[in-house]
Each structure stands twice: as C-alpha cells, then as structure tokens.
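Colleague: Pasting a predicted model and its sequence here:
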Amino acid sequence: MIWVRWGSLLMLLAVIGGAFGGHALKSRLSPEANQIYHIGVLYHLIHGLALLAVGWLSTVKPTEPFVRYAGLAFVFGVVVFSGSLYLLSVTGIKKFGMITPIGGMAFVIGWICLALAAR
C-alpha cells in the first residue's frame, strides 16, 4: 500500500499547490509563468493518480518488479518535472527548465514500466 500512500500524498500536495497557484500566486506571476506553474500542477495531478493505479496493481501482482519501477519513476518524475516547473515559474531562473525533460523521461519510463507490469 506504499504506492497508495505516495499517490495520496502527491495528490494532496498537487491540490494545495494548485490552490496556492490559483490564489496566492495568480497576481504575482506573469501570464507565461502562471501557465508554466499550472502545467506543473497538471502533470503532478496526473502522476499522483498514476501512483494510485500502481498501488492497485501492486495488490494484483505483488511480486512484479515493474510495478515498483513504475512507482519510483512516477515519484521521481513529479519531483523533477513538476518541481522544476514550479521553481522556474516562481523564480524566473531559466536553468530550472533545463532539468524538466529529465522528469518527463521519468514519466515515460514509468508508463512503460506500468504497461510491462500489466502484461
């Protein structure tokens, strides 16, 4: 059930982050930075839900290693992809955008692992 806990935690943080961005940051960010921030929230939400699917699959196939790999890739992807977009939008430091694709690749790897686990 670790993946359900991680998924629930990430969903909680995504909802809080979305509300924070929609209220506290809305007037402080440029339209472009606001859009970047909300892309981070969107991917954060999607992959929080993906972790709930990983949690479910871990009960169906508890010994399947690709379930664990998918979960790890999704958590890493949220931290790196969404985290870098949050930092980029709030600080304006463009170098944070350079690591965003690493998180995106983690998402791709996670989805591949999830598909392999479900075979």
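Modeller: Structure received.

Colleague: Is there a neighbour count for the closest residue to Leu88 other than its chain neighbours? I'd like the number.
Modeller: The shortest distance from Leu88 to any residue other than its chain neighbours is 4.0 Å, reached at Phe96 (C-beta to C-beta, 6 or more residues apart in numbering). To be clear about C-beta, it is placed using only N, CA and C from the backbone, and glycine gets the same treatment. Phe96 is flanked by 18 other residues according to other C-beta atoms under 10 Å.

Colleague: quick one: contacts for Phe96?
Modeller: 84-85, 87-88 (C-beta atoms under 8 Å, 6 or more residues apart in numbering).

Colleague: Farthest pair within the residues you listed?
Modeller: Greatest spatial distance among these (C-beta to C-beta): Leu85 and Leu87, at 7.4 Å.

Colleague: Just want to know which of these two has more residues nearby.
Modeller: Between Leu85 and Leu87, Leu85 has the larger neighbour count (other C-beta under 10 Å), namely 26 against 18.

Colleague: Is it correct that the more buried one is in contact with Asn34?
Modeller: No - taking contacts as C-beta atoms under 8 Å, Leu85 lies outside contact range of Asn34: 11.3 Å.
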